[in-house]
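Chemist: Fold the stuff below for me.
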Amino acid sequence: MGKSLKEYAKKNKIKYFMISFTDIFGAQRAKLVPSQVISEMEKDGAGFAGFATWLDMTPAHPDMLAIPDPKSVIQLPWQPDVAWLASDLVMEGKEVLQAPRNVLKKLITEANTKKFRVKTGIEAEFFLIKRDGSAISDEYDNAEKPCYDQQAVMRKYDVIKEICDSMLKLGWGPYQNDHEDANGQFEMNFEFDDALATADKHSFFKFMVKSIAEKHGLRATFMPKPFSHLTGNGCHAHISVWDLAGKKNIFENKKADLGLSDDGFNFLGGLMKNAKSIVAITNPTINSYKRINAPVTQSGATWAPNTITWSGNNRTHMVRIPGPGRFELRLPDGSTNPYLLQAIIIAAGTIGIEKKLNPGKRYDNDIYTDKETENKVEKLPSNLMDALREFSNNSELKNKLGLEFSNAFIKLKNQEWNKFTNHLSEWEIENTMDI
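Modeler: All right, here's what the predicted structure looks like:
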């Protein structure tokens, strides 16, 4: 972009800027600002009431200002007179420490002081469903094994094409689009990038997919498990660490086991040792645990982990190493906060490097069917409350993320859990009414 957002607006015929931030629960909040006042907003920010979003604030808190990051600006491909901006939250001249993008930026700065930069790619899966959420949008998409179904993907060609064309126009380097393992489910991949850039793209991607789906009379959902009999929405993260110049992959050692260096294994060790706590961030909703603890689905496999194990190129484990210099964390789901996902990866991985943690034993079996091994390894938490307890007791990880954020996250998520437990479900009525 040019020297200022005002110049960017003039050059690209922008009428409005969408100054956006993501709150703790991953909800995207924004104000639509006329381009005529963007210079003021670029300097002072757009005002929000923090209590009106999922942040740990009250109506008595002063104005929270969202300062747009000019480097994040994206012209909406489907509405080119509007540009989107990720922003950083401040209050009374100080950073809002519980704001997810601020949490991530702090951890990136810390990683840079250790002479490394984290690069990631994400695989965000989603369903295209009817507007009322009652069913998938394609009645003919009913195969038992629908993954890579060419007829099904072409029936949604107009939607998939518009999303991919948008990513091509934005220079994201999309390289493949496919029908995923569940009926009505799709995945679209784009090139990996620095952690902050990936988080901004991830946030915008969810907004873009939902918006384009609505334009076509459909609804897109990233919900972890919207249909009990189908595979859920994952959000796998591919992770590597580079030198500050971004030229050398510190994780790569082609002479080592699986092509992963000592630093790579230590980073992995941090994720493995903290997995029970990490899951509160990577799988942050009540519905999340219907994906990672699901019974076998219609296709024959859930494709989601339920054990704290790692492997080579094996998709039944929580982490797989598909090639030299990187690994794939298969734990996160579609509800994960784009900024907190990157933050928890860096926080846990940094702990692993600092303490030279060993990831433990490698498993190359099918953990889904090898019940003897499954009973010997640690399991992931079975519900959100168990995950929150693990996170609450992990003082090292909480300190890495920042106590103001960690305490706010735990408080709000405990409130969410309490609302859930107070809800009377149809299942309870059906199974308890006559006892």
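
Chemist: C-alpha from now on. contacts and neighbour counts both.
Modeler: Noted.

Chemist: check contacts around the residue lying closest to Arg326 once chain neighbours are set aside.
Modeler: Nearest non-adjacent residue to Arg326, counting by Cα to Cα, 6 or more residues apart in numbering: Ser240, 4.8 Å away. Each residue near Ser240 by Cα atoms under 8 Å, 6 or more residues apart in numbering is listed here: 118-120, 249-251, 264, 325-327.

Chemist: Let's have those in TSV, adding pLDDT.
Modeler: Below are the contacts of Ser240 laid out as TSV (pLDDT from 0 to 100):
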residue	pLDDT
Val118	98
Lys119	98
Thr120	98
Asn249	98
Ile250	97
Phe251	97
Gly264	98
Gly325	97
Arg326	97
Phe327	97
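
Chemist: So which of those sit within helices?
Modeler: Judged by DSSP state H, helices contain the following of the contacts of Ser240: Gly264.

Chemist: any residues touching the host helix or strand of Gly352, and which ones?
Modeler: Using DSSP states H and E, Gly352 falls within helix 338-355. Applying Cα under 8 Å, 6+ apart, the set of residues contacting helix 338-355 from outside is 26, 100-101, 103-104, 107-108, 111, 118, 195-196, 199-200, 202-203, 263, 266-271, 274, 278, 281-282, 332, 358, 397, 400-401.

Chemist: Mind checking which of the residues you listed land in strands?
Modeler: Among the contacts of helix 338-355, DSSP state E puts Val118 in strands.

Chemist: Pull out the buried members of the contacts of helix 338-355.
Modeler: Among the contacts of helix 338-355, those classed as buried by 16 or more other Cα atoms under 10 Å are 26, 100-101, 103-104, 107-108, 111, 118, 195-196, 199-200, 202-203, 263, 266-271, 274, 278, 281-282, 332, 358, 397, 400-401.

Chemist: Mind listing residues that contact stretch 178-188?
Modeler: 123-129, 136-138, 141-143, 145-150, 152-153, 164, 174-177, 230-232, 299.

Chemist: For PyMOL, write the selection for the buried entries among the residues you listed.
Modeler: Buried residues among those (16+ other Cα under 10 Å), as a PyMOL selection:
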select buried, resi 123+124+125+126+127+128+129+136+137+141+146+147+149+152+153+164+174+177+230+231+232+299
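
Chemist: what distance separates the worst-scoring helix or strand of the chain on mean pLDDT from the middle of the whole chain?
Modeler: The weakest-scoring helix or strand in the chain, judged by mean pLDDT, DSSP states H and E, is helix 371-374 (a mean of 80). On the basis of Cα atoms, centre = their mean, to the nearest Å, helix 371-374 is displaced by 30 Å from the centre of the chain it belongs to.

Chemist: what's the next secondary structure element after it?
Modeler: helix 384-392.

Chemist: Quick check: which helices or strands does that following helix pack against?
Modeler: Contacts defined by 3 or more Cα pairs under 8 Å, 6 or more residues apart in numbering; DSSP states H and E place helix 384-392 against helix 275-282, helix 395-401, helix 403-422.

Chemist: Just want the angle from it to helix 275-282.
Modeler: Angular relation of helix 384-392 and helix 275-282 on a 0 to 180 degree scale: 110 degrees, by axes from the mean of the first three to the mean of the last three Cα atoms, to 10 degrees.

Chemist: Can you list the residue ranges for strands in the stretch 101-250 of the chain?
Modeler: Applying DSSP state E, counting those that start in this stretch to the stretch 101-250 of the chain gives strands spanning 117-129, 174-179, 185-190, 193-194, 219-221, 235-242.

Chemist: ok, how many other residues are close to Lys361?
Modeler: 10 (other Cα atoms under 10 Å).

Chemist: Now do the contacts for it.
Modeler: Lys361 touches 309-310, counting by Cα under 8 Å, 6+ apart.

Chemist: For the strand or helix carrying Arg291, what is the distance to the chain centroid?
Modeler: Using DSSP H and E, Arg291 maps to helix 289-292. Its chain's C-alpha centre and that of helix 289-292 lie 15 Å apart, by Cα atoms, centre = their mean.

Chemist: Mind checking what helix or strand follows that helix in sequence?
Modeler: Using DSSP H and E, the helix or strand that directly follows helix 289-292 along the chain is strand 310-311.

Chemist: for that following strand, packing partners?
Modeler: By 3+ Cα pairs under 8 Å, 6+ apart, strand 310-311 packs against strand 319-323.

Chemist: quick check: angle from the strand it packs on to strand 235-242?
Modeler: 60 degrees.

Chemist: Okay, now the sheet partners of strand 319-323, with direction.
Modeler: strand 310-311 (parallel), strand 326-329 (antiparallel) (DSSP bridges).

Chemist: so which of those strands comes closest to Lys3?
Modeler: Nearest to Lys3, of all the strands paired with strand 319-323, is strand 326-329, at 36.0 Å by Cα to Cα.

Chemist: Just the buried positions in that closest one, please.
Modeler: 326-329.

Chemist: hmm, which two among those are most spread apart?
Modeler: Arg326 and Leu329 (10.0 Å).

Chemist: So for those two, which residues contact both of them?
Modeler: Contact with both Arg326 and Leu329 is made by residues 238-239, according to Cα under 8 Å, 6+ apart.
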